[in-house]
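**Q** have a look at this prediction, sequence included:
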Amino acid sequence: MSKTKVIYLVSGSRHTVPPNQKSPGVPRIIETLSANDTIAATYKVVSKYDCSLQFQDYNKGKYLHIKPTLWNRFFESLLSYTPQRFRKYVFGYTLVDRIVYYEGIRRLIKKDKPDIVITFMHFALFKKLCLAYPKAKHVYFFRSTDLKYRLGTDNIEFLVNNSSGFLANTKSPIIELQTLMSNCDFPKETIYNSIKLTDFTDKISSECSKCYRQSLGLTERDFIIGYAGRLSEEKSILELLEAILHLKNSGCIVHLLIAGSIANESTPNTAYYNEIMSFVKLNIRSQVHFLGWLPNQKLYKFYNALDIGVLLSKYSEGNSMFLLEALSMGKPVIATSIGGNLEIIIDEKNGFLIEIKEVTAQLVIKIEKIIKNKVQLKNMSENALNYIKQNHTNYVMVDKFNNFIKKL
């Protein structure tokens, strides 16, 4: 009988696993994939410690954390006095807490000697762990698009020479890797983000929609657009607001719910945020409703209240949790024709695809169209829900992940 493989899922993100109320999508995905022990494979997760964990009941043998030990505190204090250029030269990155966290992971992997290490997100950590314990089979989980642009030629060569497999949350990086490196013959798989149906789909409720709308002073007759995410220029927020103003001037009143807070963003664009707020105040104050940051447990109320979602990324988009969550609540999404959006949205079926260069104009056209055609909106809603049930549940992605592990 072959021995059980010990597989470490390592988070390059500094969010803790198991996730807490403030966790984004990645910790939730890691938790889903790790709760998957079999006779052939045992999973452990490495992430950064968060003080909220002291109030959580979790498997401490499965979820390992890099904790703020005396050594780590001393190391962090020492690093804070070193020049950024020194930290960049020695470690390849400059954030002090990231250096301490990644060094802690390196020591843990060298000590525990797992059979397989799957590193999520940051390539610098993947390289560090490959070099720290080369006897393990290393897999990099790339969670974006534009592989060569984000990694560079040297890092792609390192990946090919040192990895036993490659995962991505969209198809395009796998296609790009195969094109760039035709000799790359290790296993590759797309593991999309997934939805826990009990968190969203099972909570679809017309009564919940009615109550949430009423709490905002809105009625069942109002047409509501929704967006959850960063309030950044990359997400075309001003173009969206301009479309709402254009519709208003033509006699079509729509409302916009925005779930997000600049205070929670790691690199907030304050000038752009102020521009957003000024535009709303001067032009469409009564139509835009800022909800602030919403924890995952409350998002279903937000989605219930919507007629349609918008995801208007300009430069890149991987596999958006907002997009999947909206669809799982039966809400079609208007999305820009880039990155992972193209793999999820089927134009005119479960949403609309629009061009980046014409965001405002095409938004106006699509919104006017769907407001006038309630039958199409109903059909798109059903298509959205069925698409998620067939393609993006936790069960579907765990099964794909298991099959990938068997190939290593």
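**A** Nice, I can see it.
**Q** for the helix or strand containing Arg28, the distance to its chain's centre please.
**A** Per DSSP states H and E, Arg28 falls inside helix 25-34. Centre-to-centre, helix 25-34 and its host chain are 11 Å apart (C-alpha atoms, centre = their mean, to the nearest Å).
**Q** show me the contacts for the residue nearest to Met121 when sequence neighbours are not counted.
**A** Leaving aside its sequence neighbours, Met121 sits nearest to Gly12 (C-beta to C-beta, 6 or more residues apart in numbering; 3.7 Å). All C-beta spots, glycine's among them, are computed from the backbone N, C-alpha and C. Shown in contact with Gly12 (C-beta atoms under 8 Å, 6 or more residues apart in numbering): 102, 119-122, 124-126.
**Q** likewise Arg28?
**A** Per C-beta under 8 Å, 6+ apart, neighbours of Arg28: 19, 296.
**Q** now for the helix or strand harbouring Val375, which elements pack on it?
**A** Element membership of Val375 [criterion: DSSP H and E] is helix 374-391. Applying 3 or more C-beta pairs under 8 Å, 6 or more residues apart in numbering; DSSP states H and E, we find helix 374-391 packed against helix 321-328, helix 359-372.
**Q** hang on, the earlier thing: inside strands: which ones of the contacts of Gly12?
**A** Of the contacts of Gly12, the ones assigned to strands by DSSP state E are 119-120.
**Q** Pro187 against Gly165, yeah?
**A** Yes - counting by C-beta atoms under 8 Å, Pro187 does reach Gly165; the two are 4.5 Å apart.
**Q** and the lowest-mean-pLDDT helix or strand in the chain, how far from the chain's centre?
**A** None of the helices or strands of the chain scores lower by mean pLDDT, DSSP states H and E than helix 70-80, at a mean of 83. Centroid separation for helix 70-80 versus its chain: 31 Å, with C-alpha atoms, centre = their mean.
**Q** other SSEs contacting that helix?
**A** When contacts are defined as 3+ C-beta pairs under 8 Å, 6+ apart, helix 70-80 sits against helix 96-112.
**Q** where does pLDDT dip in this structure?
**A** 1-2 (pLDDT under 70).
**Q** can you list the domains in it?
**A** 5-194+393-406, 201-391 (automatic domain parsing).
**Q** put together JSON lines for the helices and strands packed on helix 374-391, with distance to Ile262 and mean neighbour count on each row.
**A** Formatted as JSON lines, the helices and strands packed on helix 374-391 follow (distance: least, C-beta to C-beta, whole Å; neighbours: other C-beta atoms under 10 Å):
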{"stretch": "helix 321-328", "distance to Ile262": "17", "mean neighbour count": "26"}
{"stretch": "helix 359-372", "distance to Ile262": "21", "mean neighbour count": "18"}
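**Q** format the contacts of Gly12 as JSON lines; extra columns: neighbour count and distance to Leu247.
**A** Listed next are the contacts of Gly12 as JSON lines, based on neighbours: other C-beta atoms under 10 Å; distance: C-beta to C-beta, whole Å:
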{"residue": "Tyr102", "neighbour count": "24", "distance to Leu247": "48"}
{"residue": "Thr119", "neighbour count": "28", "distance to Leu247": "45"}
{"residue": "Phe120", "neighbour count": "27", "distance to Leu247": "41"}
{"residue": "Met121", "neighbour count": "17", "distance to Leu247": "38"}
{"residue": "His122", "neighbour count": "20", "distance to Leu247": "41"}
{"residue": "Ala124", "neighbour count": "16", "distance to Leu247": "45"}
{"residue": "Leu125", "neighbour count": "23", "distance to Leu247": "46"}
{"residue": "Phe126", "neighbour count": "27", "distance to Leu247": "46"}
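**Q** nearest to Gly92, of the contacts of Gly12?
**A** Ala124 (5.0 Å; C-beta to C-beta).
**Q** would you list the phi and psi of the nearest residue to that closest one once chain neighbours are set aside?
**A** Closest residue to Ala124 apart from its sequence neighbours, by C-beta to C-beta, 6+ apart: Gly92 at 5.0 Å. According to degrees, to the nearest 10, the main-chain angles of Gly92 amount to phi 90, psi 0.
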